[in-house]
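Asker: this is a predicted model, with the sequence first.
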Amino acid sequence: MATRKTTTRKKQSGTEITKKAKLLCETMLKDLEQANRPVLHAVKCSLDNAFYDSKVGYLTPGDKIVRSELNVSSVQKLARTVFLLDILLNNVDTGAVNTKRELYYMAKGLVKSDKNLKPIDFDEQSESDSIIDFITDMLEVYREEVNCFANDRGGQTYSKQLEVTETLPDGSKAVIDLGSLGTTPFQPKNKPQALKLRAKKKIDFCLVVESEGTANTLVSNGFTQRNKCILMGAQGVPSNGVRGWCKLIQDQLKVPIYFFGDLDAYTMQNIFRTLKAGSAASLIRNSDFSAPDVKFLGVLPEDIKKYDLNYYEVKDKDASELRALKKAKDVLNNDPFFKDKKNKKLADILRFLIKNKIRCEQQALFSVNPKDPLMPEKIILKKIKEKSYI
Amino acid sequence: MSKITSSSTAEYFAKNLQQVGFSSPTKAVLTTLKESVDNALDACEENGILPEISINIEKLGKGGEKNTDLVKIVIEDNGPGLKPEDVPRVFGEYLASSKFGRGQCSRGQQGIGISAATTWAQLTNAAGVKVRSKTASMRKAVEMQVDVDIKGNKGIIKKKDSVDWKDKKHGVKIEFKIDGRLQLNGDGGLLTYLEGTSLVNPHLNLNYKVHDKDPVSIARVSEHVPRVPAATLPHPHTMKLGEFMTHTLLYGKIPLKKFLKTAFSRVTDTSINDFVKCGLKKAWLNTPLSKITEVQFKSIFQAIQEAELPNPSTKSVLTVGEDGLAKSIARLGEVDFFSVVTRKPKICDFKPVVVEVAIARFLNRGREDDSIQLLRFANRVPLQFDKSACAITRAVESVNWKSYGLSQSKNSLPQGPYVFAISVTSPFIKFKNASKETIDSSNDLTEELRLAMMQAGQKLSRHIKREAKAADLERKKAHIEKFGPILVEGLALITGASDARKKRATQGLDKILGRDADSAENELAAAEAKLEKQKERQAQKAAQRAQKKAKTATKKKTARKAAPVKKKAVKKAPAKKKTVKKKVVKKKTAKKKATKRR
């Protein structure tokens, strides 16, 4: 059984990463010279190695590791690891930035130019992706720290009060006043740690809406004009950018953050849990990519009755919903986040969904009074005021 | 009111030739060939002759019917030959057979097939079969054309001649000219039939020339003529009431008790006591058969059916044998490896059955992604049609071949360049139709087939595992050569190591991965050793069998030398009347029985 790691991860600079990687390679080479099998260790990023402490607020790794010892079966993986590591270290040195897809093509380009490298050619991107993940787990760094960025997705933010200062690679600074953007959103990068936030005027709360479309509708109807707030669209499962951005808002602005999304198993276990406590796949990054203070504003089970919201039953043909419900049963038994007493009310929502096999979408607020476009805003504000959240 | 008429057997079959394998011009050619070869092989085996069969099949031109060819089929054997008077009965009379209901594992059983072939020739080409026959006692051979008298169910001789057949001491040569179509390969192909026949008859010398293909000569791989075991007496539990009562007619006026003990297998004094317990009246036991009424017979029959009896004897079944199959399978092509299994005789549905399985992988036939070639045999006769309905096919499909290293989709035949030859031998095979194309499946038979196949699969899997290990070793070696240098080069690049360090690391890597390759080599060696052990065990078993045979042969010889005195002593006193009776019975039945081979 895994036990929790006591040391916490520190952010590493480019030089530190290079130094660590070189030391690792040096050890491997020495082992080879002495005809010993080199071994690579990486933190096991999976639910069976995840711990949750409500005081910490996010999922942390245990002491389980993935051990790759050199043998006939692993020699290909290790050769590929060293090959891609060289490319990444080069990027760290030069400051060049790439996506995983670009790295895949760069690797293919290098293989093309050197026939000796042909055996390690990647047939599909998934092959190079898994090696990159292994490298980051092994070095205990974020992919962004080795200059490998994902596509920016989600996190479109609207606010009249927020000002963002970005430190650019050359050290210069760019100041963005979100209030001056009108209804155009500000989108955080996947490395939001380079941003500094300032509230020009008092901000009462931050609202994260699961649907990007609904967030946009609220803004168009004047939500940010009437309220001193930050409004953000998550666009489904939150990307690293959205997660890091929420964490910044929580830490730098100290404003309450509310999440508003669908009432279904998928939203609860895949979207909200990731936003609040991180994910099992990113155990080493959760400290910077989760916002433990975020509250679940809804849709809550009691809202269905209270506001007479439209909902529907999960049918047998709805495979993805059934899968999510099945997973929810497993989550209740195995996910340390939902097993924690502090999150009992969230776990109760999952139990409610499993029992009743229903789902209610966030857009159901528009059915309450279709003639009043401001009704969804009124309900959200009422819920915040009445502290109707978990 | 319409008039009721009766038809002869020949008339019935002439109108229903599709029921006996003549449902299409393609099948007609195959069935004609099959019936002729079956008869030749049966005749040779009955007389202890090593069979030599020559076959020539050619197209002579257009057939009478649309889309058919006029096909000439000539089959010559070195069998004992037929007496001239028997020839028309054999080839022109339906249900005239020397084997009908005899309970032996002969190929032919009913006496229909060859007469049907003559009928087909007569119907499609207006001439029956041309037969040349010579027995050992004949100076010249007799040659005649035989037609079927369809109204009277008789063979009619046309154009009878006496000819010189100097190069032949005895044998039969038959020639059919029929409307047909030639299919050479595939399940229903002529070449598939000939291959299958040579596989299950290791003692056969077969020469054939089919259509425009080169002549083929397949030499025998066994000098041993299989002796078809003598038929055993019927088992009372395999009979119906009517059969039971007809059976009594063969035994005249003997008392019931004697009848039960002498006319059936597995009936002893203890069993008769059991019959009594089950309702057979004790008083009837000494009543002569002729005085027992139908009602009484029914009651007797019911009591017998109620009582428990030992299973029928399995002595009447014949096997090709693992040795014969192993040698014979090499005649189909270059064998990569094979496994053969001959099961011990087993009682399935109260009938003795032997299942034999030969599985071989060939170097020059079949492909990895094709289904295996399934050769089915019943009493050493290839079954070539209606594959999916056959008990053998169903049993093959029900085995999980994946566990033996073969690829297989669910509930279907496995895949790969394999030939599966599966033979069922029994004096009482239950076919689905009169043309004997498919074996009817029962739970007992399917289970026995599955067991035989699983046994063969286990043997086969050792070969496949050895191959997998060999492939694994190759893969591991290739891996080392491929990725090792890249790993060292990459590490040296990142650390900025010198060439000397690089060299040392390469040597170290070779050592490490060499150890892995060594362990793979050891695994391969272990797999090979297992295979060798299996082969040794098989050789030992074969040697033991040979020893056993030799022992029983010498025992019999010594017994024969000592026997005459004893036999006389036993026979003389009480059995005179009995032998007279038996002779009478035999005479009666001889009239009923026909003399022909099929």
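Answerer: Perfect, thanks for sending it. Residues are numbered from 1 along each chain as shown, chains lettered A, B, ... in the order given.
Asker: residue of the stretch 251-390 of chain A with the smallest distance to chain B?
Answerer: At 22.1 Å from chain B, residue A:284 is the closest residue in the stretch 251-390 of chain A, using C-beta to the nearest C-beta. Yep, even glycine has a C-beta here, placed from its N, CA and C like the rest.
Asker: how about the residues of chain B near chain A?
Answerer: With C-beta under 8 Å from any C-beta of the partner chain as the criterion, chain B meets chain A at residues B:476, B:479-480, B:482-495, B:497, B:501, B:504-509, B:511-513, B:516-517, B:520.
Asker: only whichever of those are buried, select them in PyMOL.
Answerer: Of the residues of chain B next to chain A, the buried ones go into a single PyMOL selection, burial set by 16 or more other C-beta atoms under 10 Å in any protein chain shown:
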select buried, chain B and resi 476+479+480+482+483+484+485+486+487+488+489+490+491+492+493+494+495+497+501+504+505+506+508+509+512+513+516+517+520
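Asker: residue B:413 against residue B:371, yeah?
Answerer: Yes - assessed by C-beta atoms under 8 Å, residue B:413 is found in contact with residue B:371 at 4.5 Å.
Asker: neighbour count for those two, which is higher?
Answerer: Taking neighbours as other C-beta atoms under 10 Å in any protein chain shown, residue B:413 and residue B:371 compare with residue B:413 leading, 21 against 16.
Asker: what sits closest to the spatially most central residue of chain B if chain neighbours are left out?
Answerer: Centrality entry for chain B: nearest residue to the mean C-alpha point is residue B:380, 1.8 Å, by C-alpha atoms, centre = their mean. Of all residues not flanking residue B:380 in the chain, residue B:200 sits nearest, at 4.5 Å (C-beta to C-beta, 6 or more residues apart in numbering or on different chains).
Asker: these two touch, right, the one you found and residue B:423?
Answerer: Yes - the pair residue B:200 / residue B:423 is scored as a contact, 5.8 Å apart, by C-beta under 8 Å.
Asker: neighbour count: these two, which is higher?
Answerer: Legend: neighbour count by other C-beta under 10 Å for residue B:200 and residue B:423, higher for residue B:423 (27 against 22).
Asker: which SS class is the more buried one?
Answerer: Here residue B:423 is recorded as strand under DSSP: H, G, I helix; E, B strand; the rest coil.
Asker: what sits against it?
Answerer: B:200, B:320, B:355-357, B:376-378, B:380 (C-beta atoms under 8 Å, 6 or more residues apart in numbering or on different chains).
Asker: number of nearby residues for residue A:108?
Answerer: 15.
Asker: gap between the nearest residue to residue B:441 once chain neighbours are set aside and chain A?
Answerer: Distance criterion C-beta to C-beta, 6+ apart; nearest residue to residue B:441, sequence neighbours excluded, is residue B:391 at 3.3 Å. Distance of residue B:391 to chain A, given as C-beta to the nearest C-beta, to the nearest Å: 40 Å.
Asker: what helix or strand is residue B:144 on?
Answerer: strand B:141-149 (DSSP states H and E).
Asker: give the pairing partners of that strand; include direction for each.
Answerer: strand B:129-134 (antiparallel), strand B:154-163 (antiparallel) (DSSP bridges).
Asker: so the residue nearest to residue B:441 touches residue B:444, yeah?
Answerer: No - taking C-beta under 8 Å as the definition, residue B:391 is not a contact partner of residue B:444, at 10.3 Å.
Asker: looking at those two, which is more packed in?
Answerer: Shown here are residue B:391 and residue B:444; by other C-beta under 10 Å, residue B:391 has more neighbours (23 against 15).
Asker: got the contact list for the more buried one?
Answerer: B:424, B:438-442, B:445-446, B:449.
Asker: the same query, at a cut-off of 7 Å, please.
Answerer: B:439-441, B:445-446, B:449 (C-beta atoms under 7 Å, 6 or more residues apart in numbering or on different chains).
Asker: from those residues, which shows the smallest pLDDT?
Answerer: pLDDT across the contacts of residue B:391 is at its lowest for residue B:441, which sits at 78.
Asker: check whether that one really touches residue B:392, as I assumed.
Answerer: No - the criterion here is C-beta atoms under 7 Å, and residue B:441 misses it with residue B:392 at 8.5 Å.
Asker: mind checking which of those two has more residues around it?
Answerer: residue B:392 (27 against 18).
Asker: relative to residue B:338, how far out is that one?
Answerer: Residue B:392 sits 18 Å away from residue B:338, going by C-beta to C-beta, to the nearest Å.
Asker: shouldn't residue B:337 be within a strand?
Answerer: Yes - membership of residue B:337 in a strand is supported by three-state DSSP.
Asker: so residue A:352 touches residue A:303, yeah?
Answerer: No - using C-beta under 7 Å as the test, residue A:352 is too far from residue A:303 to be in contact (11.9 Å).
Asker: between the two, which is the more surrounded one?
Answerer: residue A:303 (20 against 14).
Asker: where does the closest residue to the more buried one other than its chain neighbours sit: helix, strand or coil?
Answerer: In space, and not counting its chain neighbours, residue A:303 is closest to residue A:309: 6.0 Å by C-beta to C-beta, 6+ apart. Put simply, residue A:309 is coil when judged by three-state DSSP.
Asker: ok, residue A:309 - contacts?
Answerer: A:299, A:303, A:360, A:364, A:367.
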